[in-house]
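Enquirer: Return a 3D structure for these sequence lines:
(2 chains)
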Amino acid sequence: MANGGGHARLKRSLLLRDFLAHDLGLRLKDAERALEAAESSQGVSDAFAGGAFLDAVAASVTRSECKERLHDLDDAVRDTCRKSDFVPRYPQYLAILLMAHVCNRLSEDAECLLDEANDYRQAIWCGQGRSMTEIAERGRIPPFSTDDLQIFAFWMATGAGKTHVLHACLALLEDSSSSGGRNFDRIVLIAPSESMSRQHAQELRSHTGNPVFVYPDDGDAFQIAHLPRETILVIDINKLREGKKGEGFTIDAKVFRDSRNLVFVDEGHKGQGSEDSVWKSIQSSIAGIGHPQRRYRGMLIEFSATFGQVAEADHAFDRYAKSVVYDYPYDRFHADLYGKDFDVRNLQGAPGADDAHEDALAASLVAYWHQLHSWRDRNTQALVATHGLEIEKPLWVMLGLTVLGKKDVAEETYRSDVIQTLAFIAHLLGEDGRGRMARHLARLSGDAGQLVLPDSAWTALCRAGELAPLADTILNDVFHWEPGAALRLRILKRSPGEVGLGLSLGDRTRYFGVVNVGDAEGLREKVTPLGIVVENDVLTPSLFADLERKSSDIHMLIGSRRFSEGWNNYRASTLTLLRLGSGEGPLIIQMFGRVVRFWGQSRSGKRLEAPPEALRPLQTAYVFGLRADYMNSFLNTLHANGIQDKVTWISTQQIEPERVARLIHLSADEPSKAEFTVRLDLGTGWYKKIGRVELSLATGVKTATMRDGRVNFLAATMADDITDKFVGLVDFLDFDAIYRRMLDYRAAQGWWNLAFDKSQLKEALKDGTFTLEGDGRIVEPLRRQDLHRLEGVAVTLLQKMMRSAYRRSEAKRVRYRAAALRKDNEMILEKVFVRETP
Amino acid sequence: MPTGDLFGQSTSPSDNGVAGLPLITNPAGAACVFVPGHIYKPNPLQVERIGAGPGALIDSERRFLASLIRHLGGASQVSKEQIPAAIKQGQTEYYLLRNIDRSPGATRFRIGEGNWFYPTSSSG
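Expert: You can find the predicted model right below:
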């Protein structure tokens, strides 16, 4: 599993973190357990203020000489948190404490720190008591260099408060004694986008006493050169270039050269791709990493929730193994009851299957409506109040890779998922929309629904009774639908990149959703042929901003990556992932982080461990994916982390080579093609002589649910036997086209010794000596392209039948013989492993 | 000692079919079951929470193998010091080798219309 591997591998390879804990004599796991217990029993404020955090850490220290140092570090944490105006949760406390420790060691004697870190790597981390596998894996990480000790990172889940840790680091490093005895010349915070720059600036202004300068909002490049030393410059990565040419807002990173800079990077995982590697270079350049003159060497501190995902690549793996000071990724965040539970349903429809796409959307809609309906219920709100919870109005978020389709593929396929989604909504709100919604409900209240809907949503649907009135209710609750209303897409001229989704009745349009799209006019071109009316709206302000309002009527957000980073909103409750590739892993995890965030009890961020059933939908994130396989890969890694198998490789002892050479075993030789012919064109009924061929076009559903602290996985398929209906449609298929495709297939297989004719192909299908299973809608063709799809099914069936016939003839001519076993046989292993699972 | 046919149908499920076979430990102290007559040792068998590989056997394969060894008389004639040693039946010597390869050189059959069948191939 390529994707989950980086996360798990990095987790067990955090060299710097382990060294710092070792240096403090700290048993990190024990400290974390004790801190968590103190926080749970006393609450965050009391545990921190009353010294329970310090006691918990001190109890986990193995060397008495370290305890005094620990008190000094606790003082440093308190001081920085006071300056940053926040009370740390236990992971933040540990993160700042370890950072304070490394800063102290750097200012005391950086060379000594380097030597000791490498001694630790060599002697303990890679050596004593390690298995060969661990030694090999850990030994791959190169030793620390001087440059490495300029780079630090915090791997923290979205919602775990990394911004506070950033502010605390700032407060810590402003003290010259913690920064190598000399203040930094500049403080730079690099954000992933302009909107995130503004958000950081707002938070910095409310939490620090430093002046904050946001580029380009607060001034031009000239002013940057004259900013006071203590000013925090906030700039987004897209505004920085190496060797700037021409005009524009971008700044040449060289202007920061020859000064000692403290650089913070938010969403530090960005920039690990081949194109983006320029970003890492710019960041290093500004921080003076490896600068030939020591006085210009600054410090680079990165923050991200998804270092694990980018650590697939070796260069990123090495970087973060040696720079992560502390990790609190999603698995631990969730295990500590932070954030929502989740329920993931991933549909594996056949490529190009619109039905699976529609199923995923219909299931998402019903699940979202269930959350919205629960949230509005008075009894549920009473329960929310009783438990001291704060829960925002649910929001349905749809995330697609692109908002517009690519132009170099066929018309039918280049409609992107988002456009297909808009078509789905248009159908629901158009003529016969209520009937269509009722048909979706009928399907979802059956067996198929039990697979694709979260349990509570399916139960609610089954108990709803009449489906037609429920269809009206859902359309009204989610889309503000009422009889006579018509769908409108409106390009918001006051908010570039936003398109409002609304229903128009008379002279009034009421919005229910917003699409974030880079090219609004391009969207107009794509959806107009679908019969969707697109207008301009010059009055309405940003609907994206409207999502923040308590009374917002916007229930749906469609778009791409704009809101995946740093979007500080707690409403997202149902997430629909539309065909995102495995390369989009960090993006999905970012978005997953948005949808599981939760205010919880007294805004602690924590969910109820055993909630009443009525509250479950509101503290569960519903995630629907259409071939979003990355999500399952990611979930597979959760809660398995930290429980590492012990693997030992053992050299085998083999019998003597001369005895191996005497051994005989069975070997098989295939016949050459010249030895036989396969005549499917002679006589009749070749297809009756082969076994029954089976073809499944079922939609697979993979489910991952989190309950009671455990991730449970299930896999099932939605399918009916559609053989007879398919046979009934064979006469309508184009057998000239099918014959041509079968000739291509024969050529591709190199089966020049096989002969067949067109009429036999049709007979084979009409005879029905096969089993076809799949969604019943496959054999209900409504359009010409539905018949094209059925022709594809016919070709697949015939290929399977032809392969069976060919192999049957071939198998009769396979020759078996006794052959000598060679010493170099790959089955005689030189090493085997033994794995022990705790 | 449990008795049963080659497919271990009557073997008690609680002993994983390996009861009575020589049991030794690896240098790390973890238990491994050695199969008498295997071409190399240790053979990648699986006992309780201990996995081994490549080519770890699934439970039914393990039961089959244990029954086969008993059928050939290997369980009673071979002590751990003699491993790897052949299982002898008259003039015939039997050795066991895990079929972990799917190349033309591995043991394989072509049966009916199916693809190549590699008996007990680990990836099959």
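
Enquirer: okay, CA-based contacts and neighbour counts for the rest of this
Expert: OK.

Enquirer: does residue A:715 really touch residue A:452, like I thought?
Expert: No. Taking C-alpha atoms under 8 Å as the contact criterion, residue A:715 and residue A:452 are not neighbours in contact, 10.7 Å apart.

Enquirer: okay, the two: which has more neighbours?
Expert: Neighbours of residue A:715 and residue A:452, each counted by other C-alpha atoms under 10 Å in any protein chain shown, are more numerous for residue A:452; the result is 29 against 13.

Enquirer: With only the CA atoms kept, save stretch A:252-270 in CSV.
Expert: Coordinates of each C-alpha in stretch A:252-270 appear next as CSV, following Å, rounded to 0.1, in the frame of the first residue of the first chain:
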residue,chain,number,x,y,z
ASP,A,252,12.6,37.9,-5.6
ALA,A,253,13.7,35.8,-2.6
LYS,A,254,17.2,37.3,-3.0
VAL,A,255,16.0,40.4,-1.1
PHE,A,256,16.0,38.3,2.1
ARG,A,257,19.6,37.1,1.5
ASP,A,258,22.3,38.3,3.8
SER,A,259,20.2,38.6,6.9
ARG,A,260,19.5,36.1,9.6
ASN,A,261,15.9,35.2,9.2
LEU,A,262,13.4,33.2,11.2
VAL,A,263,11.0,31.6,8.8
PHE,A,264,7.8,29.8,9.6
VAL,A,265,6.1,27.8,6.8
ASP,A,266,2.4,26.9,7.2
GLU,A,267,1.3,23.8,5.3
GLY,A,268,5.0,22.9,4.9
HIS,A,269,4.2,19.6,3.1
LYS,A,270,3.5,21.7,0.0
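
Enquirer: got the contact list for it?
Expert: A:166, A:184-192, A:225, A:240-244, A:276, A:282-283, A:285-288, A:295-307, A:310, A:565 (C-alpha atoms under 8 Å, 6 or more residues apart in numbering or on different chains).

Enquirer: from those residues, which would you call buried?
Expert: A residue is treated as buried here by neighbour count (16 or more other C-alpha atoms under 10 Å in any protein chain shown); on that basis the buried members of the contacts of stretch A:252-270 are A:166, A:184-192, A:240-242, A:282-283, A:285-288, A:296-307, A:310, A:565.

Enquirer: count of neighbours near residue B:37?
Expert: If you count neighbours by other C-alpha under 10 Å, residue B:37 ends up with 24.

Enquirer: pretty sure it is touching residue B:89, no?
Expert: No. In terms of C-alpha under 8 Å, residue B:37 does not count as a neighbour of residue B:89; the distance is 11.8 Å.

Enquirer: Do a quick rundown of the helices in chain B.
Expert: Listed from the start of the chain, chain B has helices (DSSP state H) covering B:59-71, B:74-77.

Enquirer: Spatially, what comes nearest to residue A:717 if we skip its sequence neighbours?
Expert: Nearest-residue entry for residue A:717: residue A:700, 4.2 Å, with adjacent residues in sequence omitted and distances by C-alpha to C-alpha, 6 or more residues apart in numbering or on different chains.

Enquirer: Can you name the residues that contact the one you found?
Expert: A:347, A:348, A:349, A:715, A:716, A:717, A:718.

Enquirer: same question, residue A:801
Expert: For residue A:801, the contact set (C-alpha under 8 Å, 6+ apart) comprises A:687, A:690, A:693.

Enquirer: Please flag which of these sit within strands.
Expert: Among those, DSSP state E puts residue A:693 in strands.

Enquirer: Just the closest of the contacts of residue A:801 to residue A:336, please.
Expert: residue A:693 (50.6 Å; C-alpha to C-alpha).

Enquirer: ok, now which ones touch that closest one?
Expert: Residue A:693 makes contact with A:769, A:770, A:771, A:797, A:800, A:801 under the criterion C-alpha under 8 Å, 6+ apart.

Enquirer: What distance do you get for the first one to residue A:800?
Expert: Right, residue A:769. Distance of residue A:769 to residue A:800, computed by C-alpha to C-alpha, to the nearest Å: 12 Å.

Enquirer: Contacts for the helix or strand residue A:761 falls within next, please.
Expert: For residue A:761, the enclosing helix or strand under DSSP states H and E is helix A:758-767. By C-alpha under 8 Å, 6+ apart, the list of residues contacting helix A:758-767 from outside reads A:680-681, A:684-685, A:687, A:727-728, A:730, A:735-736, A:739, A:794, A:798.

Enquirer: beta partners of the nearest residue to residue A:429 once chain neighbours are set aside?
Expert: Excluding the flanking residues, the one nearest residue A:429 by C-alpha to C-alpha, 6+ apart is residue A:487, at 6.5 Å. The residues listed as beta-bridge partners of residue A:487 by DSSP bridges are residue A:503.

Enquirer: My read is that residue A:487 contacts residue A:428, right?
Expert: No. In this structure residue A:487 lies outside contact range of residue A:428 using C-alpha under 8 Å: 9.7 Å.

Enquirer: okay, these two: which has more neighbours?
Expert: Applying other C-alpha under 10 Å to residue A:487 and residue A:428 shows that residue A:487 carries more neighbours, namely 25 against 22.

Enquirer: do you know how far that one is from chain B?
Expert: Residue A:487 sits 54 Å away from chain B, taking C-alpha to the nearest C-alpha, to the nearest Å as the criterion.
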